[in-house]
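Q: could you look at this predicted model? Sequence included:
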Amino acid sequence: MKLRDICEKLNLKVAAGGNGLENDITGVYICDLLSWVMSHAQKGDAWITVMTHSNVIAVASLLELGCIIVPEGIEIDEDTIVKADEENIPVLSCSLSAYQLATAFNEMGIGK
Amino acid sequence: MEFMKYTFDVEKDDFVRAGEASSNIKRTLRELGIDSAIVRRIAIATYEAEMNIVIHSVGGQVELEIDPNSIKVTARDRGPGIPNIELAMQEGYSTASEKVREMGFGAGMGLPNMKKCTDRFTVESVYGEGTTITMEILLKAGD
Ligand SMILES: Nc1ncnc2c1ncn2[C@@H]1O[C@H](COP(=O)(O)OP(=O)(O)OP(=O)(O)O)[C@@H](O)[C@H]1O
Ligand SMILES: [Mg+2]
């Protein structure tokens, strides 16, 4: 599903990387340990994480993830926003928890 | 493809530029038209080696060498070295500080990831001198 449609459905706010809203999201991965994400997340995944420093952008870019979603209204570092725009990695924020996001993705048939 | 070699400096504790060497290496391999699954494996292994230089060493370099048969990445630092390589290789083993753990590092998965992603993997380390990690992916016709 196109990220643009997911943002609309789940009411996600685009914090950075708005050029990537046409990305096709093909899966979901939830984890905050970067080297664990490095070895398990797949290209095209929506990555849900509470980490918001700029190294998450490097990880997402190297793995060609579809977007980063920051749950529970957590604030995103300014450096991260700048880097996300440079690397065209969409970063979205929302008030939902990681669990609520996961169930919503499941209902949309993504990540099965 | 002829023989090519690129070197990137990696600074200790520089979390702002961290990942640039890996990102440059990934871009270089993509531009050469290397198979995307291989680019992904090299990108993962290189990122882990680069971050270990940033987090655990006093600084070093990452070097990329490409020839028709293989892609080789060497991560070399100037110390302090790894006292017990066997222990360091264990999944979950980490000496990362509280500060870097708060950033999501320190799962103790970096070295195992490097090994898993590459065809040849060696760690040489002299405590008090430094560490050299050599990783190689072998290319077949068509990669
Ligand atoms: N270049 C290095 N110089 C000195 N020590 C190192 C170096 N690389 C790894 N180590 C040691 O080996 C341990 C394991 O490394 P590994 O990359 O597997 O895990 P980590 O870096 O601690 O955590 P993660 O990579 O999962 O974020 C480190 O905690 C550190 O003690
Ligand atoms: Mg590591």
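A: Structure received. Numbers count the residues shown, from 1 in each chain, chains lettered A, B, ... in the order given. Ligands and ions are numbered 1, 2, ... in the order given.
Q: now do the SS call for the residue of chain A found nearest ligand 1.
A: Residue nearest to ligand 1 within chain A: A:S35 (3.3 Å; Cβ to the nearest ligand atom). (Each C-beta comes from the backbone N, C-alpha and C, glycine too.) The three-state label given to A:S35 by DSSP: H, G, I helix; E, B strand; the rest coil is helix.
Q: gap between it and B:R101?
A: 12 Å (Cβ to Cβ, to the nearest Å).
Q: who has more neighbours out of those two?
A: A:S35 (26 against 13; other Cβ atoms under 10 Å in any protein chain shown).
Q: residues touching that one, list them.
A: B:E48, B:M51, B:F105, B:A107, B:G108, B:M109, B:G110, B:N113 (Cβ atoms under 8 Å, 6 or more residues apart in numbering or on different chains).
Q: which of those fall in strands?
A: The strands, defined by DSSP state E, take in nothing from the contacts of A:S35.
Q: take the residues you listed and keep only those in helices.
A: Among those, the members falling in helices (DSSP state H) are B:E48, B:M51, B:G110, B:N113.
Q: wait, the third one touches B:I53, no?
A: To tie it back to what came earlier, the one meant is B:G110. No: applying Cβ atoms under 8 Å, one finds B:G110 not in contact with B:I53, separated by 10.7 Å.
Q: confidence score at B:F3?
A: pLDDT recorded at B:F3 is 89.
Q: measure the nearest residue to it once chain neighbours are set aside to ligand 2 for me?
A: Leaving aside its sequence neighbours, B:F3 sits nearest to B:D67 (Cβ to Cβ, 6 or more residues apart in numbering or on different chains; 4.9 Å). Distance, B:D67 to ligand 2, using Cβ to the ion, to the nearest Å: 28 Å.
Q: could you pick out which of the contacts of A:S35 are near chain A?
A: Among those, the ones lying near chain A by Cβ under 8 Å from any Cβ of the partner chain are B:E48, B:M51, B:F105, B:A107, B:G108, B:M109, B:G110, B:N113.
Q: looking at the contacts of A:S35, which is nearest B:R41?
A: Proximity of these to B:R41 (Cβ to Cβ) peaks at B:N113, which lies at 9.9 Å.
Q: and for that closest one, the neighbour number?
A: Neighbours of B:N113 (other Cβ under 10 Å): 22.
Q: surely it touches B:E48?
A: Yes: applying Cβ under 8 Å as the test, B:N113 and B:E48 come out as touching, 5.0 Å apart.
Q: about what we covered before: for the ones next to chain A among the contacts of A:S35, give me JSON lines that also has pLDDT.
A: What follows is these, written out as JSON lines (pLDDT from 0 to 100):
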{"residue": "B:E48", "pLDDT": "98"}
{"residue": "B:M51", "pLDDT": "98"}
{"residue": "B:F105", "pLDDT": "97"}
{"residue": "B:A107", "pLDDT": "97"}
{"residue": "B:G108", "pLDDT": "98"}
{"residue": "B:M109", "pLDDT": "97"}
{"residue": "B:G110", "pLDDT": "98"}
{"residue": "B:N113", "pLDDT": "97"}
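Q: and which of the residues you listed is nearest B:I82?
A: Taking Cβ to Cβ as the measure, B:I82 sits nearest to B:G110 out of those, at 11.9 Å.
Q: and that closest one, what does it touch?
A: A:S35, B:E48, B:A49, B:M51, B:N52.
Q: which ones are touching A:L10?
A: A:C94, A:L96, A:L101, A:A104.
Q: can you put these in a markdown table and add secondary structure and pLDDT?
A: Compiled in a markdown table, these are given as follows (DSSP: H, G, I helix; E, B strand; the rest coil; pLDDT from 0 to 100):
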| residue | secondary structure | pLDDT |
| --- | --- | --- |
| A:C94 | coil | 97 |
| A:L96 | coil | 98 |
| A:L101 | helix | 98 |
| A:A104 | helix | 97 |
